[in-house]
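Participant: mind looking at a prediction? Sequence and model below.
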Amino acid sequence: MKLSLRGKFLLISGAGQVVVIGLLLWNSLRLMDDAVNKNAFRVAHEYAVTLNLSLTPYAGSGRLTELTSYLTEMLKDPRDSFARYVVVLDPNGSVLLRVGRPPKRLDVLFTGTSGRDMGGMSSILDGDVLHVSTPLLLQNNQVGGLYFGISTADLAAARELVLQQGELIALICLVLGLLICYAFSAGLGRRLTALTDQSKRLARGDFSARPPARGNDELDFFSRSLNTMSSALRARISDLDQAERRLGESEERFRVLFDTAPVSLIVTNGEGAKLASNLTFSRVFGQSDAQLRDKCSSDVDFWASPDERARIWAIFARDSAVLGETAKVKLVTGRQGEMAIWSSSVTLDDAPAVVWAFLDLTEELEAKRALYELNVTLESRVQERSAELVAANVELSQALVTLKRAQHDLIAAEKMASLGSLVAGVAHELNTPIGNCLLAATTLADRLAALEQHIADGSLRRSLLDAHIRDIQVASMLITRSLERAAGLITAFKQVAVDQTNDQRRRFDLVTVLEDIFTTYAPRLRRDNCKASVVAPESLLMDSYPGSLYQVFSNLINNALAHAFAGLAEGTIAVSVDRNVEDHVEISFSDDGVGMPESVLRRVFDPFFTTKMGQGGTGLGMNIVYNIVTGILGGTILITAHEGQGTTVKMSLPVQSPVHEGARPIEQTQ
Amino acid sequence: MNKLICAMIAIAFASATPLSAAETVVIVSQRSPLTRMFPLQAAQFFLGQSALFTAIDQADNSPIRAEFYLKAADMDAGQVKAIWAKLVFTGKARPPKQYASSAEVKRAVAADPKAIGYIEKSDVDDTVKVILTLH
């Protein structure tokens, strides 16, 4: 038998109620019976006590029969008393007193021990009469039996009433409970039906309806779960739709790509039977997609020779792919072309398939060949051009040699020119002491002539002679001093001149050389109102080229005079020599002249760069200085200058200058 | 001669006491180990307070019975009856067996070593042993 959930619920709840109510009823009856019995027994006991008390005095004195009429009267009407009968038996069982209607065999009734006992009292419930027996003291200490019965009819009636009312209440409870269950299950059923409808709608793909879920019981919880599931399903389905659309788009894209790819593409199955081809393929090979369907390349006029097909398939079988292998095929024009072939294995509809790509290399290869030929002709042309270039180069180097020679000549001329100006200065300087000598010598001659005259006159007096001698001494002293000065000048000049003209290596004292140079230039410096100071240690021996050093300093001094102090009333040249490193000498040559701008400083060592073009400058001075310092002397040179703040030339020279080819040290002349 | 003296002394004693108040003695069987007992001790066996000895009672309306309960327990016959009526009703004890004469009582006591009874002193013989004399 099939029952709905609701039917089952009603059945089970009904059965449960029946069981509970039945148990309740049974228990209350049991308790009721117990209470009734207890009560009846108590009543019986009270009766027994009362009867015993009433009967004992009469029984003790054997006058029981006196009571018969009283008791009969009392028991006549059942409504007057609960007692139904009273009987007294002596120990032998003979009746001493008998009132009412006792049962037939009283002693037999109490023979069985069923019933309740208390002290000497026994009681037995028989129908609606409770029979009681107690011992009774008779005459002469004999123990007889007192028997009586009391009615329990009203107790039974009360029990019956309780039973009836209990059954009525139980029935009402059952009906009420079933009604409540019915109503509750009806509500439950409605909600379940709504949920079932919702699930059916969900199954049909209708996600719009949402069952109400306001409460907090299991069904509402289920509704909420259903709602959550519904929204999750909706999201999932929309995702799937989107994915499907994307897949469609991507497939479409791929198809377009496949069709419009500039490379010939063809898809075959594992055995080479064509499944699809693109437009480029049809154009290149002149075979439409439909014509080639399910045909192998051997079935149509494709390969230039059958060997080509075999070769490509062999490569494919070996490497399971073909990567850029070139093969000869027949083109739509009927010509033979070269194709680079790529393959890629894929799975289409669960079957192995191969995508083949053909790149037409025919034109490229032809172009390559043309390029190669062009290259060959180009090479011969390049050779011609380079021969021309070599010739031009030779001419150029010859011109350069000529130029270098010219520069060298110019440098020599510059040297000579500076030497010439030096000579002029020296000559001028020599003029003074020699003039002084001449003056002293003529004065001496006059004094001697006057002395001779005095001697000849005989007018020579002692005082006069002393005066003459004093004059002569003065004159000779003047002459000596002037000549010494001239000799010093000449020595210095000779040294400078010799070293400048003969650039020879020797050991010398740098300090002495510097002093010689400044002595030589002293007249020019003095003429231009220029002070020079040399700060140097006692002596500083070098093994180098003093002539070159002369040249460097003469150029520096000339530059200072010509450029730094041009237009100035006076100037100061400061030279400091320091040997701060073991084998190098630091020489600083600074003036407080006008300095030079950055543009000039940048080109100051360039040959033929001069700011005094057409005014006697050759633009070679500083170039010569640079060449000598960095070349012959093997040192470094650095000029720092700012406009209006003087110029400082710093040189770092090795004490032992590097040895040059063709320059041998000579014996020291001094 | 001695018997005479004794009798005389007994008569003297008897004459010294009221005649209505004849002496009652509590007896047991000669085979009983008992030798002495106090009145209240004896009474307890007759009032259902002890079942150590089997009490043998005199008939209901005999003067000695009333005298015995009066002397031993200071109770009259109605009080004793009431005690026994309650004991019988509640089932706690059985009342002592009653005999119609002192001779029967004496015979019953002599026959049972656990029995205890009372008779007039004059009725005592060597079948029983007197353990208490009530004055």
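Facilitator: Cool, got the structure.
Participant: name the nearest residue to the residue in chain A positioned nearest to chain B, sequence neighbours excluded.
Facilitator: For chain A, the residue closest to chain B is A:Gly120, as judged by Cβ to the nearest Cβ, at 2.8 Å. No exception for glycine: its C-beta is placed from N, CA and C like everyone else's. The shortest distance from A:Gly120 to any residue that is not its chain neighbour, by Cβ to Cβ, 6 or more residues apart in numbering or on different chains, is 2.8 Å, and that residue is B:Gly91.
Participant: give me the phi and psi for that neighbour.
Facilitator: Note on B:Gly91: its backbone torsions stand at phi 80, psi 20 [degrees, to the nearest 10].
Participant: next, count neighbours for it.
Facilitator: Look at B:Gly91: counted by other Cβ atoms under 10 Å in any protein chain shown, it has 16 neighbours.
Participant: one more: the one 4 residues further on?
Facilitator: Here the neighbour count serves as a burial measure; for B:Pro95 (other Cβ under 10 Å) it reads 22.
Participant: check what pLDDT it gets.
Facilitator: At B:Pro95, the model reports a pLDDT of 90.
Participant: residues touching A:Arg98, list them.
Facilitator: A:Arg98 makes contact with A:68, A:85-88 under the criterion Cβ atoms under 8 Å, 6 or more residues apart in numbering or on different chains.
Participant: any idea how chain A splits into domains?
Facilitator: According to automatic domain parsing, chain A comprises the domains A:5-169, A:213-256, A:261-360, A:366-501, A:502-670.
Participant: so which of these comes closest to B:Ala110?
Facilitator: Judged by Cβ to Cβ, the one of these that comes nearest to B:Ala110 is domain A:5-169, at 20.6 Å.
Participant: what segments of chain B are helices?
Facilitator: Secondary structure of chain B by DSSP state H: the helices cover B:2-16, B:39-46, B:63-73, B:77-90, B:102-111.
Participant: residues making contact with the last one?
Facilitator: When contacts are taken as Cβ under 8 Å, 6+ apart, the neighbours of helix B:102-111 outside the stretch itself are B:27-30, B:56-58, B:64, B:97, B:99, B:115-120, B:123-125, B:127-128.
Participant: ok, now with 6 Å
Facilitator: When contacts are defined by Cβ atoms under 6 Å, 6 or more residues apart in numbering or on different chains, helix B:102-111 is touched by residues B:27, B:29, B:56, B:99, B:115, B:117, B:119-120, B:123, B:127-128.
Participant: what's the spacing between it and its chain's center?
Facilitator: 11 Å (Cα atoms, centre = their mean, to the nearest Å).
Participant: confidence-wise, which of the helices of chain B is weakest overall?
Facilitator: Among the helices of chain B, helix B:2-16 carries the lowest mean pLDDT, a mean of 52.
Participant: the strands in the stretch 101-250 of chain A, which residues?
Facilitator: For the stretch 101-250 of chain A, applying DSSP state E, counting those that start in this stretch gives strands covering A:116-118, A:121-126, A:129-137, A:143-151.
Participant: could you look up the next helix or strand downstream of the host helix or strand of A:Glu308?
Facilitator: Per DSSP states H and E, A:Glu308 falls inside helix A:306-319. Downstream of helix A:306-319, the first helix or strand assigned by DSSP H and E is strand A:323-330.
Participant: ok, so what distance separates A:Met74 from B:Ala93?
Facilitator: Noted for A:Met74: a distance of 31 Å to B:Ala93, by Cβ to Cβ, to the nearest Å.
Participant: next up, phi/psi of B:Pro96, please.
Facilitator: According to degrees, to the nearest 10, the main-chain angles of B:Pro96 amount to phi -60, psi 150.
Participant: ah, wrong one, I meant B:Gly48
Facilitator: Here is the backbone geometry of B:Gly48 (degrees, to the nearest 10): phi 70, psi 10.
Participant: burial check on it, number of neighbours?
Facilitator: The tally of other residues near B:Gly48 (other Cβ under 10 Å) stands at 19.
Participant: was I right to think it contacts B:Ala93?
Facilitator: Yes - at 3.9 Å, B:Gly48 counts as touching B:Ala93 under the criterion of Cβ atoms under 6 Å.
Participant: what about residue 110, neighbour count?
Facilitator: You didn't pick a chain, so chain A it is. Counted with other Cβ under 10 Å, A:Phe110 comes out at 18.
Participant: could you do chain B instead?
Facilitator: 21.
Participant: and the gap between it and A:Leu5?
Facilitator: Using Cβ to Cβ, which is the criterion applied here, B:Ala110 is 95 Å from A:Leu5.
Participant: can you redo the strands of the stretch 101-250 of chain A as TSV with mean neighbour count and mean pLDDT?
Facilitator: Formatted as TSV, the entries for those read as follows, by neighbours: other Cβ atoms under 10 Å in any protein chain shown; pLDDT from 0 to 100:
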stretch	mean neighbour count	mean pLDDT
strand A:116-118	14	62
strand A:121-126	19	82
strand A:129-137	24	88
strand A:143-151	23	89
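Participant: and those: which comes nearest A:His642?
Facilitator: Comparing these under Cβ to Cβ, the one sitting nearest is strand A:116-118, at 146.5 Å.
Participant: for chain A, which segments count as helices?
Facilitator: With DSSP H applied, chain A shows helices at A:5-60, A:68-76, A:106-109, A:153-204, A:218-260, A:279-285, A:306-319, A:362-457, A:462-501, A:510-527, A:546-559, A:598-602, A:621-627, listed in chain order.
Participant: quick one, what contacts the residue nearest to B:Pro39 when sequence neighbours are not counted?
Facilitator: Of all residues not flanking B:Pro39 in the chain, B:Ala72 sits nearest, at 4.5 Å (Cβ to Cβ, 6+ apart). For B:Ala72, the set of contacting residues under the criterion of Cβ under 6 Å, 6+ apart consists of B:39, B:42-43.
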